[in-house]
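Participant: I'll drop the sequence and a predicted model, then ask my questions.
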Amino acid sequence: MIGYLTGKIITKKPTQILLDVNGVGYIINITISTYESLSKNNGENVSLYTYLNVREDALILFGFSTISEKEMFELLISVNGVGPKSAQSILSGIQIDELHTALRNNDLSRIIAIPGIGKKTGERLLIELRDKVEKLSDSFAFSSDSNYGIKNDAILALSQLGYNQKVAEKAVRSILSELENPSLETLVKNSLSLLNK
């Protein structure tokens, strides 16, 4: 079982990298958040926690920049009807701390706002994972509970102003990483400044 790899990135796409580990090239499927964390390390050695999906016709590696993201991936694929590709897609559509909070708070509307998640799958995720997320490692960098509502409100405000939800989410996340407990007005204003640069 391959649980962890360190090597140099040969090629990189938002959903996949080719990693050279001592002369052996591993194709690793990644999430958007892992891609974003890797883009800071161009040309350097990177380390990824990995999950090996064994199928009859293929061995497929999935890579994660944090252990908590890997643990969440493993929880997601334990849900009936959610395969590794779907789990990769879910983790690309929502930040892990936000997913954790949405599952804990039984927030179906946030879960089904993830691209590709319908009501049935959303309900199944909530039912099967609500108690399990409590056991996840404490390595979450929470902007979570305190900023959860304000973050969603800011993204909604930006979406209503005509910005793409993914773009708005990225801007809001960026501002939240710089400011501690901003007001909704400050968060929206600073996000707008960032988007209009």
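Facilitator: Done, it's in. Numbering: from 1, shown residues only.
Participant: For A157, which non-adjacent residue is closest in space?
Facilitator: Leaving aside its sequence neighbours, A157 sits nearest to V188 (C-beta to C-beta, 6 or more residues apart in numbering; 5.1 Å). For every residue, glycine as well, the C-beta is placed using N, CA and C.
Participant: List phi and psi for the one you found.
Facilitator: phi -70, psi -40 (degrees, to the nearest 10).
Participant: what's the neighbour count on it?
Facilitator: Applying other C-beta atoms under 10 Å, we find 23 other residues in the vicinity of V188.
Participant: Tell me how far it lies from H100.
Facilitator: 24 Å (C-beta to C-beta, to the nearest Å).
Participant: I figured the residue nearest to A157 hits S159, correct?
Facilitator: No. Look at V188 against S159 with C-beta atoms under 8 Å: they stay out of range, at 11.3 Å.
Participant: OK, contacts around V79?
Facilitator: Applying C-beta atoms under 8 Å, 6 or more residues apart in numbering to V79 gives the contacts R124, L125, E128, L129.
Participant: Mind putting those into CSV with pLDDT, secondary structure and distance to S37?
Facilitator: Formatted as CSV, the contacts of V79 follow (pLDDT from 0 to 100; DSSP: H, G, I helix; E, B strand; the rest coil; distance: C-beta to C-beta, whole Å):
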residue, pLDDT, secondary structure, distance to S37
R124, 89, helix, 29
L125, 89, helix, 24
E128, 88, helix, 28
L129, 86, helix, 24
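Participant: Please identify which of those residues is nearest to A87.
Facilitator: L125 (10.3 Å; C-beta to C-beta).
Participant: Quick one: residues contacting the closest one.
Facilitator: L76, V79, V82, L103, I111, I117.
Participant: K119 is in contact with the fifth one, correct?
Facilitator: Read that as I111. No. Between I111 and K119 there is no contact under C-beta under 8 Å: 9.2 Å.
Participant: Those two: which is more packed in?
Facilitator: Taking other C-beta under 10 Å, I111 and K119 do not tie; I111 has more neighbours (22 against 10).
Participant: Spatially, what comes nearest to the more buried one if we skip its sequence neighbours?
Facilitator: Nearest non-adjacent residue to I111 (C-beta to C-beta, 6+ apart): G122, at 4.1 Å.
Participant: roughly how far apart are that neighbour and V21?
Facilitator: 37 Å.
Participant: helices or strands next to whichever helix or strand S177 is part of in the packing?
Facilitator: Using DSSP states H and E, S177 sits in helix 165-178. For helix 165-178, the elements it packs on are helix 144-160, helix 184-195, judged by 3 or more C-beta pairs under 8 Å, 6 or more residues apart in numbering; DSSP states H and E.
Participant: Backbone torsions only: list them for the residue of the chain positioned farthest from its centre.
Facilitator: Distance to the chain centre peaks in the chain at G23, reaching 29.4 Å (criterion: C-alpha atoms, centre = their mean). With angles defined as degrees, to the nearest 10, G23 sits at phi 90, psi 0.
Participant: For it, report the pLDDT, please.
Facilitator: With respect to pLDDT, G23 scores 91.
Participant: Who has more neighbours out of G122 and V21?
Facilitator: G122 (19 against 13).
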